[in-house]
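Engineer: sequence first, then the predicted structure, then my questions.
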Number of protein chains: 2
Amino acid sequence: MRILLIEDDTHLAAALRRGLQADGFAVDVAADGTEGLWQAQEGSYDAIVCDIMLPGMSGYRVCAALRAAGDWTPILMLTAKDGELDEAEALDTGADDFLSKPFSYVVLVARLRALLRRGSRARPAVLEAGDLRLDPAAHRAWRGDVEIALSPRQFSLLEFLIRRAGDALSKSEILDHVWDFAFDGDPNIVEVYVGQLRRKIDEPFGRSAIGTIRLVGYRLDPDGG
Amino acid sequence: MRILLIEDDTHLAAALRRGLQADGFAVDVAADGTEGLWQAQEGSYDAIVCDIMLPGMSGYRVCAALRAAGDWTPILMLTAKDGELDEAEALDTGADDFLSKPFSYVVLVARLRALLRRGSRARPAVLEAGDLRLDPAAHRAWRGDVEIALSPRQFSLLEFLIRRAGDALSKSEILDHVWDFAFDGDPNIVEVYVGQLRRKIDEPFGRSAIGTIRLVGYRLDPDGG
DNA sequence: ACCCGTTCTCAGCCGGCGTTCAGGCCGGTG
DNA sequence: CACCGGCCTGAACGCCGGCTGAGAACGGGT
């Protein structure tokens, strides 16, 4: 099991490296965010342990960059302060777990093991649902061979729907994932954007990929309508 | 998303239930370990939130029992003290994450969402009774290969019946679980909805899955009629 | 400074859903 | 066989959730 440790505090890094190696892990250490991201993309690791406060590039950004690149290696975040917002933000940028300093070595290993046990699921670079295709990295979308122009909001809504194709998604769930984490405006905005999407990806093709489930939310047909 | 909350502190349980429901989760509460384990095995939940200190059967044992039975529903443990040993032990009995009291609601939801996000793989997630199938996540229902369109109320009624297939269910029991907790209207509503269901899932197929037990209530045949 | 695209708000329409009610039905009982 | 209480069902209706078009606020680009 190969672990990448991204941590600028040399004392802590050395201690963790020694401990993890003693426990049978192969450990590589990166001292700042940029180097960490580089190494993470270079070698294939089974898990990444990553500090949030880092010179060069924050842990959040490393994490977000990896996820955006389609890398779903389990990430355990180390946060200095135990502010709740940090935790929530860490999990939402795509971290799988976090640990607030100070922490004990035992706990770190237990969490790491739990992460590894779950494993990572590989994500394809391009999302598909029926004849709907969507390339998150390039920000482009197609229905069949026809490319569809979408505004940023429309795009991330469609991305969320495709990632969870087949599931019934409540409006609040959609709001939490597609809009800002703490959006307190009119939830009607979801209806508006669903409407816009339908007009772009359904109506011109005479099909209906996005279904309404009353009192529940919306569902994208995994077979493309 | 259906959550099972195993918590003996009635205040906390009520508060969490209210919050989670407002966030669009369906929540069932069990007040002790034994009941919790029973319900966990009975219904198929998307996640379980489980206190460690419980009357009857500790959270550890509930967790271990589920894992031993091959049930890998994501489990979030609530520990009273933040002793490190608790945390390590929790993760090692097979819990997926833990949270030490006192915790804030925001964090709980963030963690739950993170769990659900990755826990959604490799679960049957579909309820069955004979040739009746029902997918709570997608909000879809089938009899054999034919998909059945159901209104929200009809759907949750059928969901409840299938989860407790084989049991005789009184009208008041059905009212408590399918309708709002404090519904004070005409109980005849249950008869109305059972009738609608029969017309949709029984009549067109010439079978009868839902039986009436006079003076008692209704019963769904676990073999589909 | 102006234009344009995007995001978001608001109010009104519409249809479907939940609920009630009354009358008919059926099974059980004396 | 007649009565009675619980079950079934069709019709009616009010309400609420979802859809939409118009327009305000905002910001980036020229």
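Structural biologist: Happy to help now that I have it.
Engineer: so where do the strands sit in chain A?
Structural biologist: Along chain A, the segments classed as strands by DSSP state E run A:2-6, A:26-30, A:47-51, A:75-79, A:97-100, A:127-129, A:132-135, A:140-143, A:146-148, A:168-170, A:210-213, A:217-220.
Engineer: show me the beta-bridge partners of the closest residue to residue A:161 other than its chain neighbours.
Structural biologist: Nearest in space to residue A:161, with sequence neighbours left out and distances taken as C-beta to C-beta, 6 or more residues apart in numbering or on different chains, is residue A:220 at 4.1 Å. All C-beta atoms are positioned from the backbone trio N, CA, C, and that covers glycine. Using DSSP bridges, the beta-bridge partners of residue A:220 come out as residue A:210.
Engineer: so how many other residues sit close to residue A:220?
Structural biologist: When neighbours are counted by other C-beta atoms under 10 Å in any protein chain shown, residue A:220 registers 26.
Engineer: and it, what is it in contact with?
Structural biologist: By C-beta atoms under 8 Å, 6 or more residues apart in numbering or on different chains, residue A:220 lies in contact with A:129, A:161-162, A:164-166, A:209-211.
Engineer: next one, pLDDT for it please.
Structural biologist: The confidence metric pLDDT takes the value 96 at residue A:220.
Engineer: cool, and the one 5 residues further on?
Structural biologist: Residue-level confidence at residue A:225 comes out at 70, pLDDT.
Engineer: check residue A:90 too.
Structural biologist: pLDDT, read off for residue A:90, is 60.
Engineer: nearest to DNA strand C: which residue in chain A?
Structural biologist: For chain A and DNA strand C, the shortest gap (C-beta to the nearest atom of the strand) falls at residue A:185, measuring 2.6 Å.
Engineer: how far away from the center of its chain is stretch A:148-161?
Structural biologist: Its chain's C-alpha centre and that of stretch A:148-161 lie 16 Å apart, by C-alpha atoms, centre = their mean, to the nearest Å.
Engineer: helix or strand with the lowest mean pLDDT in chain A?
Structural biologist: One helix or strand of chain A scores below all others by mean pLDDT, DSSP states H and E: helix A:84-92, with a mean of 58.
Engineer: list, one by one, the residues from chain A near DNA strand C.
Structural biologist: With C-beta under 7 Å from any atom of the strand as the criterion, chain A comes near DNA strand C at residues A:149, A:151-154, A:179-180, A:183, A:185-186, A:188-189, A:192, A:214-215.
Engineer: in helices, which of those residues fall?
Structural biologist: Taking DSSP state H, the ones among the residues of chain A next to DNA strand C that sit in helices are A:152-154, A:188-189, A:192.
Engineer: from the residues you listed, list the buried ones, please.
Structural biologist: Among those, the ones that count as buried by 16 or more other C-beta atoms under 10 Å in any protein chain shown are A:154, A:189.
Engineer: ok, the ones in helices among the residues of chain A next to DNA strand C vs DNA strand D, which is closest?
Structural biologist: residue A:192 (4.5 Å).
Engineer: which of the ones in helices among the residues of chain A next to DNA strand C lies closest to residue B:99?
Structural biologist: Ranked by distance to residue B:99 (C-beta to C-beta), those are led by residue A:189 at 31.3 Å.
Engineer: give me the neighbour count for the closest residue to the closest one other than its chain neighbours.
Structural biologist: Nearest non-adjacent residue to residue A:189, counting by C-beta to C-beta, 6+ apart: residue A:179, 7.4 Å away. Counted by other C-beta under 10 Å, the residues lying close to residue A:179 total 18.
Engineer: where does residue A:179 land on pLDDT?
Structural biologist: Looking at residue A:179, the pLDDT reads 79.
Engineer: of the contacts of residue A:220, just the buried ones, PyMOL syntax please.
Structural biologist: Here is the PyMOL command that selects the buried residues among those (16+ other C-beta under 10 Å):
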select buried, chain A and resi 129+161+162+164+165+166+209+210
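Engineer: distance of the residue nearest to residue A:161 relative to DNA strand D?
Structural biologist: Per C-beta to the nearest atom of the strand, to the nearest Å, residue A:220 is found 13 Å from DNA strand D.
Engineer: equivalent analysis for residue A:141, please.
Structural biologist: Between residue A:141 and DNA strand D the distance, using C-beta to the nearest atom of the strand, works out to 19 Å.
Engineer: how about the contacts made by residue A:183?
Structural biologist: residue A:175.
Engineer: follow-up on the earlier one: per-residue pLDDT, the residue of chain A closest to DNA strand C?
Structural biologist: With respect to pLDDT, residue A:185 scores 82.
Engineer: next, count neighbours for it.
Structural biologist: 9.
Engineer: is it possible to export the ones in helices among the residues of chain A next to DNA strand C to CSV including distance to residue A:14 and pLDDT?
Structural biologist: Compiled in CSV, these are given as follows (distance: C-beta to C-beta, whole Å; pLDDT from 0 to 100):
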residue, distance to residue A:14, pLDDT
A:152, 43, 84
A:153, 46, 88
A:154, 49, 92
A:188, 55, 94
A:189, 50, 95
A:192, 54, 96
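Engineer: check whether stretch A:170-183 contacts DNA strand D.
Structural biologist: Yes: using C-beta under 7 Å from any atom of the strand, stretch A:170-183 reaches DNA strand D at residue A:171.
Engineer: ok now that stretch, how far from the chain's centre?
Structural biologist: On the basis of C-alpha atoms, centre = their mean, stretch A:170-183 sits 15 Å off its chain's mean C-alpha point.
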